[in-house]
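Trainee: give me coordinates for this.
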Amino acid sequence: MQLIYAAASPFARKVRVLASETGLTPRLELIETSVLPVSVNERVNSLNPLGKIPALLTDEGEALYDSRVICEYLDSLHDQPRLFPTDPTLRWRTLRLAALADGLMEAAVLTRYERAARPVERQWDEWVDGQLSKVRRGLRSLNDDVGQLQGPLDIAQIGVACALGYLDFRFAELSWRNEFPGLVAFQDKFSERDSMRSSAPAAQ
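Mentor: Purely as a prediction, here's the structure:
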């Protein structure tokens with residue numbers, strides 16, 4: 001299988017962490033690339049018409065996207081405990097937390113695009129503030145529910161860890177660690193996992 005990804009993407013990191021935790025990394029050919037909303041990446045567009053990463057090309061030649069779909073697909077390929085729970089009560093709670101983590105990532109990535117890709121004179125501060133408000137509300141909710149990020153490994157834990165890792169990587173000025181001690185404790189412990197260490201983006 002081929003995974004088209006960017007090292008800095010928290011969504012791609014989520015896929016790589018899941019692959020590592022389930023022993024699937026040796027089955028993946030990692031193809032690093034980059035995408036921007038204002039440029040064309042034909043390779044990515046041929047796999048995902050939305051032009052977003054990550055994208056997975058399966059052994060059968062089928063293209064899968066986005067990270068949620070890729071993660072659930074990979075979770076069907078191993079014989080270890082599933083990271084997407086099948087028990088109805090646990091499944092919906094886990095998927096809700098995973099969706100919140102994805103939303104936090106999306107707001108942070110959009111803010112990064114606005115600041116890094118748009119000319120300074122065209123940047124919209126109020127829009128950035130709105131995105132960062134989503135991030136803070138998400139962090140507050142996750143901190144309130146941090147007790148649900150315990151127990152056997154699941155997709156919610158992976159998603160939250162990758163979202164928080166992206167904030168540490170790109171948004172140190174938010175100082176989220178000063179406000180959400182429950183998440184700090186979770187993140188510091190989860191970041192010790194080999195899957196997180198091996199997928200950490202290099203400082204840029």
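Trainee: where exactly do the strands run in this structure?
Mentor: For the chain, the strands defined by DSSP state E occupy 2-5, 29-32, 55-57, 63-64.
Trainee: tell me which other helices or strands the lengthiest helix in the chain touches.
Mentor: When the chain is parsed with DSSP state H, its longest helix is helix 88-116. On a contact count with 3 or more Cβ pairs under 8 Å, 6 or more residues apart in numbering; DSSP states H and E, helix 88-116 meets helix 10-21, helix 67-75, helix 125-144, helix 155-170. The C-beta positions use only the backbone N, C-alpha and C, and glycine is treated the same way.
Trainee: cutoff 7 Å now
Mentor: Applying 3 or more Cβ pairs under 7 Å, 6 or more residues apart in numbering; DSSP states H and E, one finds that helix 88-116 contacts helix 125-144, helix 155-170.
Trainee: need the contact partners of the longest one.
Mentor: To tie it back to what came earlier, the one meant is helix 125-144. Outside helix 125-144, the residues that touch it by Cβ atoms under 7 Å, 6 or more residues apart in numbering are 100, 103-104, 107-108, 110-111, 114, 160, 176, 180, 182-183.
Trainee: circling back: deepest in the core, which of the strands of the chain is it.
Mentor: Greatest average neighbour count among these goes to strand 55-57 (a mean of 24), per mean count of other Cβ atoms under 10 Å.
Trainee: mean confidence for it?
Mentor: Per-residue pLDDT values over strand 55-57 give a mean of 97.
Trainee: ok, the residue nearest to residue 67 when sequence neighbours are not counted to residue 187 distance?
Mentor: Of all residues not flanking residue 67 in the chain, residue 11 sits nearest, at 4.0 Å (Cβ to Cβ, 6 or more residues apart in numbering). Using Cβ to Cβ, to the nearest Å, residue 11 is found at 18 Å from residue 187.
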